[in-house]
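1. Give me a model of this one.
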Amino acid sequence: MTITGSAESMNGSEISVEGLDDIDRGILRLLQGDGRMPYRQIARELGVSEGTVRIRTGRMQESGVLNIVAIADPFRLGYRVLAFLLVRVEPGHHDHVVAELTAWEEATYVSTCIGHADVYVQLVCRDNDHLNDLLHQRIPEIGGVREFETFMELKMHKVSYEYSPA
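-> Residues are numbered from 1 along each chain as shown. This is a model prediction of the structure:
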């Protein structure tokens, strides 16, 4: 398991970096190391009550600062191709293209960019034929894509979702 987070949650409530104290930071640090660490153990390590850990963890989850998820290894699940796309979008089509790409099961990460590309997409594919189908059949069906550049990842050297509060 790993921890991901954002400054804003789906329900709109926020916790700013200034709203995090040393206990919150300690909880984040420990859960980033082991997302399944029991609250009791966290409490012992931080010298606070288990209830304090439970309440603060819940508050950080509700605000969107903290999200505990399991991250599977795509290669061990049978995917053989990891690729990413840099997509240039026709003016006025950005939201549509992002919505379409975000809906793809193969898209594990989609973000808006500035610079060489408008949208960055990370893909997991069963094999080269699967990637070929995405590139030459499904992307043209989206509409509004001006051009795209594809990169295949040969080997991952680091994957980290650990962040210290700024």
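
2. Quick test: name the residue nearest the centre of the chain.
-> The C-alpha lying nearest the average C-alpha coordinate of the chain belongs to residue 109 (C-alpha atoms, centre = their mean; 6.1 Å).

3. Make sure it is actually in contact with residue 120.
-> Yes: using C-beta atoms under 8 Å, residue 109 is in contact with residue 120, at 7.4 Å. Where C-beta positions appear, they are placed from N, C-alpha and C, glycine not excepted.

4. rewinding a little: show me what contacts the residue nearest to the centre of the chain?
-> Neighbouring residues of residue 109 by C-beta atoms under 8 Å, 6 or more residues apart in numbering: 120, 121, 122.

5. where in the protein is pLDDT low?
-> Where the chain drops to pLDDT under 70, the residues are 1-18.

6. go with 80
-> The model of the chain has pLDDT under 80 over residues 1-18, 156, 159-161, 165-166.

7. All the helices of it, in order from the start?
-> Remark: helices assigned in the chain by DSSP state H are 22-33, 39-46, 50-63, 94-103, 128-133, 139-142.

8. can you tell which of the ones you listed is closest to residue 161?
-> The closest of the helices of the chain to residue 161 is helix 22-33. By C-beta to C-beta, the value is 7.4 Å.

9. can you state the direction angle for the closest one and helix 50-63?
-> Compare the direction of helix 22-33 with that of helix 50-63 by axes from the mean of the first three to the mean of the last three C-alpha atoms, to 10 degrees and you get 80 degrees.

10. relative to helix 39-46, how tilted is helix 22-33?
-> Inter-element angle recorded for helix 22-33 and helix 39-46: 120 degrees (by the same axes, to 10 degrees).

11. helices or strands up against helix 22-33?
-> Packing contacts for helix 22-33, counted by 3 or more C-beta pairs under 8 Å, 6 or more residues apart in numbering; DSSP states H and E, involve strand 2-4, helix 39-46, helix 50-63.

12. Which other helices and strands does the longest one contact?
-> For helix 50-63, the contact count by 3+ C-beta pairs under 8 Å, 6+ apart identifies helix 22-33, helix 39-46 as packing neighbours.

13. buried residues in that helix?
-> Applying a neighbour-count criterion of 16 or more other C-beta atoms under 10 Å, the buried positions in helix 50-63 are 52, 53, 56, 57, 60, 63.

14. Please tabulate those residues in a markdown table, including the columns distance to residue 74.
-> A markdown table is the format used below for those (distance: C-beta to C-beta, whole Å):
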| residue | distance to residue 74 |
| --- | --- |
| 52 | 37 |
| 53 | 32 |
| 56 | 33 |
| 57 | 28 |
| 60 | 28 |
| 63 | 30 |
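
15. Nearest residue to residue 106 in space, please, no chain neighbours.
-> Computed as C-beta to C-beta, 6 or more residues apart in numbering, the closest residue to residue 106 that is not its neighbour in sequence is residue 123, at 4.9 Å.
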